[in-house]
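Trainee: would you be able to build a 3D model of this:
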Amino acid sequence: MKKKNKIDSIRNIGVIAHIDAGKTTVSERILYYTGRSHKIGEVHDGEAVMDWMPDEQERGITITSAVTTCQWKDRDIQIIDTPGHVDFTIEVERSLRVLDGAVGVFCAVGGVEPQSETVWRQADKYHVPKIAFVNKLDRIGADFFSTVKMMQDRLDANPLILQLPVGSEDSFTGIIDLISMKQIVWDDDTLGATFTEVDIFQEHREGAEEYREKLIETVAEVDDDIADAYLSEAEISVESLLDAIRKATIDLKLVPILCGSALRNKGIQPLLDAIVSFLPSPADVPPIKGLHPETGEPVKCMPKAKDPLAALIFKVSMSEGRKLSYIRIYSGKMKLGEDVYNPARNKKEKLSRILRMHANKRERVDVAGAGSIVGVVGLKDSSTGETLCSADHPVLLENIEVYEPVISVAVEPKTHADQEKIDQVLGKFTAEDPTLRVRQDDDTGQTILSGMGELHLEIIISRMLREFKTSVNVGKPQVVYRETIGAESRATMIFDKEVAGQNHFGEVTLMLKPLSRGAGNSFRSEIAEETIPEVFIPAIEKGVMESLESGSLMGYPVMDVEAVLIGGSHRESQGTELAYTVSASMACKGALAKGEPFLLDPIMDVEIFVPEASMGEVIGDLNSRGGKIESINAQMGIQVIKATVPLAQMFGYSTLLRSATQGRGTFTMQFLRFDKS
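Mentor: Sure, this is the predicted structure:
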């Protein structure tokens, strides 16, 4: 029987990167060399284990984060392979929330690409230690040192080069390990499963010694023991160097840099060694803190099996009609058949199955302890971002941040049979994906589906047909706008009615003021206690805030407005919360209509990569779309245009860009802010 692993031997890591940098290819090699897979699944053949959804296999991209576990040198490595497309950023966000370390994969040709920056910043936000793997060194135009320099400039990273590539492009043959000072050569006949370590070839020795010296200097800057040994010219052992690099990586002071070509089966085993050596176990990172749901006092959750249970649901998947919840256990343990407590909903849930995941395959287990990432079946009410704990020791962990959708389509069922299923199917998708919203348009009766981008919604429509046999007609994408006001305005409203045999009276005078973009909505009262009793102020604020959820122009949410209560009146015994809520809501609506309301467009941050020859045409087109050029920089033989453009002007842009650049231009965009276009 397999010996139980201690928490020190667990590594919870995510593979993060820009789309097409090779994340899934790296993950597939890891599974093959650790013995988890018996053959290498290739993305371009649609056979990648981690890209198991039919849409992923057809498109050759990762859409949903997949979880798997493998072993390397007596360590359990739990891997989450995340998407690289900006439309699926929530998958990266919620994965990084529960991971202890990350491997950033960078294309040696493209360098640090836009989504690489996004996912790197997400990892920084959660203080996740990182190592970097510079991939695709066999590709034409590959430049290892330029990519490292970009990491310094764009990511504010402190890179520590641990390996040097031997050759580049077609002549890339292996790597030089600067810690062991050995050259590693892979055997192509065994798909890279075997390799030999040889003395560094004479022509590479001088360069290797120079970079070994730089490596020690860099570590000495962040580690006193290495600095003392370096300054006294004492010999520095490999063990002490590895320990110092591990400590500096976990403390976010250094980012170890490795290199290779995953597609050519080179560089993966040293990457696995680096994951084990430098990335933290759950015991190496600070224990997660939560709050007691009743007292609000801080609760520290230690990564120990004997402590009370504290776990976070970071993802929900509707698999074969059943709800599968992905859970990271921070402390304590879960046992099959036991009850767990959800403090957010004040409900107990039963664990009917605990599963160790391998992409879409699963293995049942009876117990899962601290540090584990597992799937659970049987949770009826709990959803993404909620905490599971023991009822005796309740704790509320921080929720997962959710992004606001920026694009909408109208969907309607094609047949009567589809009509019956559509609400149920969309309900399953919104349970899975917090960035997906569904609402009924009161004016048109249409079902409006909102998401993070055209591809996001396209995938949802495809999955509706493929997985649930539900066909829908799709209307033209509608942009989700916001509303605000351009001028100060005021309005007075009185609610004076008899409801259910009781008189209700409330009079409210509101002043609305426009605020700067991004300031949000706020409410304050400037009236004296005798005008309206203090007890009714929360009801007035509630009425105002509810009213701001729907503007006077087109019913979009209102933003960047300050509501000030400047007057009103009160009748003894007739003043009620209902009256003040309604009169405040009516006064707010009246003031909005008078305040010169206007729409705010979602403005996108767009980065476009174009050949020099196509620059004029692309810039001219951006100007015609109301875009503002922020900067133009040359990068590795192409021009990078950074611009801000209203989302409404970006529909179908990928087709036009391909046409203008003979298929060589690419772009990425992500939501920046709501603003006047």
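
Trainee: can you give me the strands in the stretch 451-600 of the chain?
Mentor: Using DSSP state E, counting those that start in this stretch, the strands of the stretch 451-600 of the chain run over 472-474, 478-479, 482-485, 489-499, 502-514, 522-525, 561-569, 597-610.

Trainee: what's the burial count for the closest residue to G590 other than its chain neighbours?
Mentor: The shortest distance from G590 to any non-neighbouring residue, by CB to CB, 6 or more residues apart in numbering, is to A491 (3.3 Å). From N, CA and C alone the C-beta is placed, and that goes for glycine too. Neighbour count of A491, defined by other CB atoms under 10 Å: 19.

Trainee: circling back to that earlier point, could I get the strands of the stretch 451-600 of the chain as CSV with mean pLDDT?
Mentor: Formatted as CSV, these follow (pLDDT from 0 to 100):
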stretch, mean pLDDT
strand 472-474, 81
strand 478-479, 72
strand 482-485, 93
strand 489-499, 91
strand 502-514, 92
strand 522-525, 93
strand 561-569, 93
strand 597-610, 88
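
Trainee: just the CA atoms of stretch 631-641, as CSV, please.
Mentor: The C-alpha trace of stretch 631-641 is given here as CSV (Å, rounded to 0.1, in the frame of the first residue of the first chain):
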residue,chain,number,x,y,z
SER,A,631,2.1,54.0,-27.8
ILE,A,632,3.9,52.3,-30.7
ASN,A,633,7.0,50.2,-30.0
ALA,A,634,9.2,48.0,-32.1
GLN,A,635,9.6,44.4,-30.7
MET,A,636,11.4,41.5,-32.3
GLY,A,637,10.7,42.6,-35.9
ILE,A,638,7.1,43.7,-35.4
GLN,A,639,5.3,46.8,-34.2
VAL,A,640,3.3,46.8,-31.0
ILE,A,641,0.4,49.3,-31.0
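
Trainee: can you give me the buried ones in that stretch?
Mentor: Neighbour counts over stretch 631-641 (16 or more other CB atoms under 10 Å) mark I638, Q639, V640, I641 as buried.

Trainee: where's the last one relative to G626, distance?
Mentor: It refers to I641. According to CB to CB, to the nearest Å, I641 stands 15 Å off from G626.

Trainee: ok, what's across the strand from the residue nearest to G590?
Mentor: Counting by DSSP bridges, A491 is bridged to L510.

Trainee: how near is it to I527?
Mentor: A491 is 15 Å from I527, by CB to CB.

Trainee: one more: T576?
Mentor: The spacing between T576 and I527, counted by CB to CB, is 18 Å.

Trainee: what do you get for S659?
Mentor: Look at S659 and I527: by CB to CB, they are 61 Å apart.

Trainee: of these two, which one has the most company?
Mentor: Using other CB under 10 Å as the criterion, S659 and I527 rank with I527 on top: 17 against 11.

Trainee: that one against S569, yeah?
Mentor: No. Using CB atoms under 8 Å, I527 is not in contact with S569, being 10.0 Å away.

Trainee: so which helix or strand takes in E420?
Mentor: Under the criterion of DSSP states H and E, E420 resides in helix 416-432.

Trainee: which secondary structure state is assigned to the residue nearest in space to the middle of the chain?
Mentor: In the chain, the centroid-proximal residue (CA atoms, centre = their mean) is E93; its distance is 2.2 Å. Secondary structure assignment for E93 (DSSP: H, G, I helix; E, B strand; the rest coil): helix.

Trainee: tell me who's in contact with the closest residue to it other than its chain neighbours.
Mentor: Nearest residue to E93, sequence neighbours excluded (CB to CB, 6+ apart): Q122, at 5.7 Å. Counting by CB atoms under 8 Å, 6 or more residues apart in numbering, Q122 touches I16, T89, V92, E93, L96.

Trainee: and which of those is nearest D177?
Mentor: Of all these, D177 sits closest to I16, with 24.0 Å by CB to CB.

Trainee: how near is the residue lying closest to the closest one once chain neighbours are set aside to V15?
Mentor: Spatial nearest neighbour of I16, excluding adjacent residues (CB to CB, 6+ apart): V119 at 4.2 Å. Separation of V119 from V15 (CB to CB): 10 Å.

Trainee: what residues do these two have in common as contacts?
Mentor: Overlap between the contact sets of V119 and V15, as judged by CB under 8 Å, 6+ apart, is given by T82.

Trainee: now the helices for the stretch 551-677 of the chain?
Mentor: Ranges of helices within the stretch 551-677 of the chain are 577-594, 615-624, 653-660, based on DSSP state H, counting those that start in this stretch.

Trainee: what's the angle from the shortest one to helix 615-624?
Mentor: Just to be clear, that refers to helix 653-660. For helix 653-660 against helix 615-624, the angle by axes from the mean of the first three to the mean of the last three CA atoms, to 10 degrees is 150 degrees.

Trainee: hey, C-alpha coordinates of helix 653-660 in PDB?
Mentor: Extracted C-alpha coordinates of helix 653-660, given in PDB (Å, rounded to 0.1, in the frame of the first residue of the first chain):
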ATOM      1  CA  TYR A 653     -12.000  43.300 -35.700                       C
ATOM      2  CA  SER A 654     -10.000  40.100 -35.800                       C
ATOM      3  CA  THR A 655     -11.300  39.300 -39.300                       C
ATOM      4  CA  LEU A 656     -10.400  42.800 -40.500                       C
ATOM      5  CA  LEU A 657      -6.900  42.700 -38.900                       C
ATOM      6  CA  ARG A 658      -6.100  39.400 -40.500                       C
ATOM      7  CA  SER A 659      -7.200  40.700 -43.900                       C
ATOM      8  CA  ALA A 660      -5.100  43.900 -43.500                       C
END
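
Trainee: what residues sit buried inside that helix?
Mentor: Burial within helix 653-660, assessed by neighbour count using 16+ other CB under 10 Å, is assigned to Y653, L657, A660.

Trainee: want to throw those residues into a markdown table with distance to T25?
Mentor: Supplementary listing: the buried residues of helix 653-660 in a markdown table, determined by distance: CB to CB, whole Å:
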| residue | distance to T25 |
| --- | --- |
| Y653 | 28 |
| L657 | 26 |
| A660 | 30 |
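
Trainee: between these, which is nearest V109?
Mentor: Nearest to V109 out of those is L657 (CB to CB; 19.2 Å).

Trainee: please list all residues in contact with the closest residue in space to the closest one that isn't next to it in sequence.
Mentor: Leaving out its chain neighbours, the residue that sits closest to L657 by CB to CB, 6+ apart is G665, at 4.6 Å. G665 makes contacts with I608, F609, V610, P611, S614, V618, L657, R658, as judged by CB under 8 Å, 6+ apart.

Trainee: show me which of the residues you listed are buried.
Mentor: Neighbour counting with 16+ other CB under 10 Å marks I608, F609, V610, S614, V618, L657 as buried within the contacts of G665.

Trainee: the third one against A643, yeah?
Mentor: Put plainly, it is V610. No. V610 sits out of contact with A643 when judged by CB under 8 Å, with a separation of 11.6 Å.

Trainee: before we move on, back to that, would you turn the helices of the stretch 551-677 of the chain into JSON lines with mean pLDDT and distance to R345?
Mentor: Listed next are those as JSON lines, based on pLDDT from 0 to 100; distance: least, CB to CB, whole Å:
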{"stretch": "helix 577-594", "mean pLDDT": "93", "distance to R345": "26"}
{"stretch": "helix 615-624", "mean pLDDT": "90", "distance to R345": "48"}
{"stretch": "helix 653-660", "mean pLDDT": "75", "distance to R345": "42"}
